[in-house]
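Asker: Sharing a sequence plus its predicted fold:
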Amino acid sequence: MKIVVDNKIPYIRETLSRITEDVVYLPGNEITAESVKDADALITRTRTKCNRQLLKGSKVKFIGTATIGFDHIDTEYCKDAGITWKNCPGCNAGAVEQYVHAVLSLLKKEKGMIPEKTCIGIVGVGHVGSRIRELAERMHMRILLNDPPREDNGEKGFADLKTLTNECDIITFHTPLITVGKYKTLHLADKDFFDSLHKKPVIINTSRGEVVETGAILDALKGGKISDAVIDVWENEPNINLELLHKVYIGTPHIAGYSADGKLNATRMTLESLCKFFNIVMKIKLDIENKNEGSSGTCTNDDILSKYNPKDDYSLLLSHPEDFEKIRGNYKLRKE
């Protein structure tokens, strides 16, 4: 069996070597139709577009993406071609919670945000959004939840987006990227969204760059319609908008979910899906502590900022925005 693998996926090589000797590791954006034509399986991240152009005529029968999101996979083509794909729901939810926790702590420390007097709106209440809700509850914030698919499924406790734009001091996005249909999230935060805001909120986006329209949020910052923005995901990555980078409160290179724990979860889930699909019986045991990846030690200080401060990542990106992909690819995974 031949497997083609994104070479930035950590903790995976030892286990794959026990499955097959025929493993090819490539940068995600260099995986081509030629490299996968005789592969049985493909293990990717978001940088590999798994579509007709890549897969037509190949032997690929299984795609595992070590990510929560799967907008880089043409699911309809895979269905028609008989290709099974699996993602990793919730794998890095703890890492994104850590990132947002650090952001909220910075807003409290540097901007005078008082949690008990702050209303936070959470757009998308899946694995990640649910963790953010629990975080906000611990901080005694007022919380508004927006998740139309869950609401339409009969679940209670949700508000429409208009309510969030009227009442929230912070709005944070945790939705998948959906480009068409009733639950479309492409440019969910567009000019109309920003024009409808009542309280000049802080906007946080750790979901997908295309959920927030670049020109619209830039105009909102310039026009004072929002007080600040925290952007981890960008349109047109890695060629991000430099004017927006310099306008935001914090801007990071798509690393909110980049903890050692989150990456380990994603790798384990992907390997389990691979083994299940190919009927491989194997005990998968991965251990962060015995790896070189990840930050060292644990924090004894209750202050999240002593453990992780996203401003450090922002400073690096500001200094070298042309190295967005390099910084992201070589990111030293942090501990949760």
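Answerer: Sure thing, it's come through. Numbering: from 1, shown residues only.

Asker: from here on, contacts and neighbour counts on C-alpha atoms
Answerer: Noted.

Asker: which residues touch residue 23?
Answerer: By C-alpha atoms under 8 Å, 6 or more residues apart in numbering, residue 23 lies in contact with 2, 3, 4, 5, 16, 17.

Asker: Spell out the residue ranges of the strands in this structure.
Answerer: For the chain, the strands defined by DSSP state E cover 2-6, 22-26, 41-44, 62-65, 84-86, 119-123, 142-146, 170-173, 202-205, 228-231, 250-251.

Asker: CSV please, covering those strands and showing distance to residue 92.
Answerer: Listed next are these as CSV, based on distance: least, C-alpha to C-alpha, whole Å:
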stretch, distance to residue 92
strand 2-6, 18
strand 22-26, 23
strand 41-44, 16
strand 62-65, 13
strand 84-86, 15
strand 119-123, 17
strand 142-146, 20
strand 170-173, 15
strand 202-205, 15
strand 228-231, 17
strand 250-251, 19
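
Asker: could these be laid out in TSV, adding mean pLDDT?
Answerer: Formatted as TSV, these follow (pLDDT from 0 to 100):
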stretch	mean pLDDT
strand 2-6	98
strand 22-26	97
strand 41-44	98
strand 62-65	98
strand 84-86	98
strand 119-123	98
strand 142-146	98
strand 170-173	98
strand 202-205	98
strand 228-231	98
strand 250-251	98
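
Asker: Isn't residue 205 up against residue 233?
Answerer: Yes: the criterion here is C-alpha atoms under 8 Å, and residue 205 meets it with residue 233 at 6.5 Å.

Asker: these two touch, right, residue 57 and residue 37?
Answerer: Yes: counting by C-alpha under 8 Å, residue 37 is a contact partner of residue 57 at 6.6 Å.

Asker: Give me the common contacts of those two.
Answerer: Joint contacts of residue 57 and residue 37 (C-alpha under 8 Å, 6+ apart) do not exist.

Asker: Would you agree residue 3 is in contact with residue 37?
Answerer: No: look at residue 3 against residue 37 with C-alpha under 8 Å: they stay out of range, at 10.8 Å.

Asker: who's more crowded, the two?
Answerer: Neighbours per residue, other C-alpha atoms under 10 Å: of residue 3 and residue 37, the larger number sits with residue 3, 22 against 15.

Asker: who touches the more buried one in this structure?
Answerer: Counting by C-alpha under 8 Å, 6+ apart, residue 3 touches 22, 23, 24, 39, 40, 41, 42, 43.

Asker: again, only this time at 6 Å
Answerer: Applying C-alpha atoms under 6 Å, 6 or more residues apart in numbering, one finds that residue 3 lies in contact with 23, 39, 40, 41, 42.

Asker: Show me the beta-bridge partners of it.
Answerer: In this entry, residue 3 is beta-bridged to residue 23, residue 41, by DSSP bridges.

Asker: Tell me how far it lies from residue 303.
Answerer: To residue 303, residue 3 is 43 Å away according to C-alpha to C-alpha, to the nearest Å.

Asker: Check residue 71 too.
Answerer: Taking C-alpha to C-alpha as the measure, residue 71 falls 35 Å from residue 303.

Asker: before we move on, what about residue 263?
Answerer: From residue 263 to residue 303 the distance is 24 Å (C-alpha to C-alpha).

Asker: between these two, who's got more neighbours?
Answerer: For residue 263 versus residue 303, neighbours defined as other C-alpha under 10 Å are more numerous around residue 263 (23 against 12).

Asker: Read off the pLDDT value for that one.
Answerer: Per-residue pLDDT puts residue 263 at 94.

Asker: what's the answer for residue 177, then?
Answerer: 95.

Asker: Just list the residues touching residue 28, thanks.
Answerer: Contacts of residue 28 (C-alpha under 6 Å, 6+ apart): 6, 47, 48.

Asker: Sorry, slip of the keys, the one I care about is residue 97.
Answerer: residue 132.

Asker: So for it, what's the pLDDT?
Answerer: 97.

Asker: Also residue 286?
Answerer: For residue 286, pLDDT reads 84.

Asker: any idea how far it is from residue 166?
Answerer: To residue 166, residue 286 is 46 Å away according to C-alpha to C-alpha.

Asker: just to revisit the earlier point, got a quick ChimeraX command for the buried subset of the contacts of residue 28?
Answerer: Buried members of the contacts of residue 28 can be picked out in ChimeraX with the line below, counting by 16 or more other C-alpha atoms under 10 Å:
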select :6,48
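
Asker: can you tell me which of the contacts of residue 28 lies nearest to residue 148?
Answerer: Closest approach to residue 148 among those (C-alpha to C-alpha): residue 47, at 28.3 Å.

Asker: thought the closest one was touching residue 29?
Answerer: Yes: in this structure, residue 47 is within contact of residue 29 by C-alpha atoms under 6 Å, at 5.4 Å.
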